[in-house]
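1. Predicted model, plus sequence, below.
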Amino acid sequence: MMITIKRFFRTYKGIIPAVLLLVFSAAGFMYGVVPAGRTVWQLVSERETVQREVAGLRKKSETLGGLDEETLRTELLLLTSAVPGDKSIPTVFTTLEEVARESSIGLAAVSVANPGLLATESAKKQNTEERKLGSSIVPVSVSAEGTIDQLRNFFKRAVSVRRLLRIRFFDVTLLSANHAVVHAGLDAFFSPTSTTLGDVKALLEPLTNAEESLLTKISGFPAGIFETSAELPLSPLTRDPFSL
């Protein structure tokens, strides 16, 4: 065995140093150059990510710089008076009472659906609709009595007030030629106000002409005693400078 090893070294003694050098070079490349290259690649990738984020923040800063904070507060108050951040059941009742008073009809009953129903199988369709609308729904039942013109005026006013309402159905029972009782189902809306910071990558765009027109339309709706500006937290614990 030893003779074979000695013969091997005598035969290849000229190339053994070169082979050892090649082996050590390969090991150095694997354990030194490859990790260093991986680190450099990570740094380049992170640099590109940071550059994109900085560009996004710069664009958001330019967009926000062109907006007036007081105007934004006013618009937010306006929107939350139409669609509050919570169910705001009292504003639903006061809105319907005010509309009934202005329409000169008598409200026999106003009730809100049991919140527990939202967890039942029968509420799945409603939850699907809420997802499509991007807003939660508060079902309201109303019973009222008056003349045909008064009832017509009531429904007309109900869908044209600051606290947004939608007529889901109604059932009219005539008591005489010009007097009736109506049982109606309405929907009020609410959408929790976000108080968390938006993603840096999320785009921030100014209001479109259609959105500005919608704000103008809502501002033209009567607010009266059911205005909800007092419910808006103007200074949340975590303010979001990038989400309107």
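-> That came through, no problem.

2. could you pull out the helices for this protein?
-> Assignment of helices within the chain using DSSP state H yields the ranges 2-12, 16-28, 34-65, 69-82, 89-103, 124-133, 148-158, 209-219.

3. any idea which of these is most buried?
-> The densest packing among the helices of the chain, expressed as mean neighbour count by mean count of other C-beta atoms under 10 Å, is seen in helix 89-103 with a mean of 19. In short, each C-beta sits where N, CA and C put it, glycine included.

4. Helix 69-82 and that one, what's the angle between them?
-> Relative orientation of helix 89-103 and helix 69-82, computed by axes from the mean of the first three to the mean of the last three C-alpha atoms, to 10 degrees: 80 degrees.

5. still on that earlier bit, dump the helices of the chain into a markdown table; add mean pLDDT and distance to His179 as well.
-> Shown next, in a markdown table, are the helices of the chain (pLDDT from 0 to 100; distance: least, C-beta to C-beta, whole Å):
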| stretch | mean pLDDT | distance to His179 |
| --- | --- | --- |
| helix 2-12 | 61 | 117 |
| helix 16-28 | 64 | 100 |
| helix 34-65 | 77 | 57 |
| helix 69-82 | 82 | 33 |
| helix 89-103 | 90 | 14 |
| helix 124-133 | 72 | 33 |
| helix 148-158 | 92 | 8 |
| helix 209-219 | 82 | 34 |
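
6. what would the ones you listed look like in a markdown table with distance to Ala113?
-> Compiled in a markdown table, these are given as follows (distance: least, C-beta to C-beta, whole Å):
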| stretch | distance to Ala113 |
| --- | --- |
| helix 2-12 | 91 |
| helix 16-28 | 74 |
| helix 34-65 | 40 |
| helix 69-82 | 21 |
| helix 89-103 | 11 |
| helix 124-133 | 9 |
| helix 148-158 | 17 |
| helix 209-219 | 25 |
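
7. domain assignment for this protein?
-> Under automatic domain parsing, the residue ranges defining each domain of the chain are 1-66, 69-231.

8. And the nearest residue to Pro192 once chain neighbours are set aside, how far from Leu165?
-> For Pro192, the nearest residue in space outside its immediate sequence neighbours is Gly85; the separation is 5.3 Å by C-beta to C-beta, 6 or more residues apart in numbering. Taking C-beta to C-beta, to the nearest Å as the measure, Gly85 and Leu165 are separated by 17 Å.

9. Among those two, which residue is more densely surrounded?
-> Between Gly85 and Leu165, counted using other C-beta atoms under 10 Å, Leu165 has the larger neighbour count: 23 against 17.

10. wait, that one sits on Gly185?
-> No. Using C-beta atoms under 8 Å, Leu165 is not in contact with Gly185, being 10.8 Å away.

11. Could you pull out the residues contacting both of the two?
-> Val140 (C-beta atoms under 8 Å, 6 or more residues apart in numbering).

12. thinking again about what came up before, so which of the helices of the chain gets nearest Ser111?
-> Distances from Ser111 to each of the helices of the chain were compared using C-beta to C-beta; the minimum, 9.9 Å, belongs to helix 89-103.

13. what is the orientation angle of that closest one with helix 148-158?
-> Angle between the axes of helix 89-103 and helix 148-158 is 140 degrees (criterion: the same axes, to 10 degrees).
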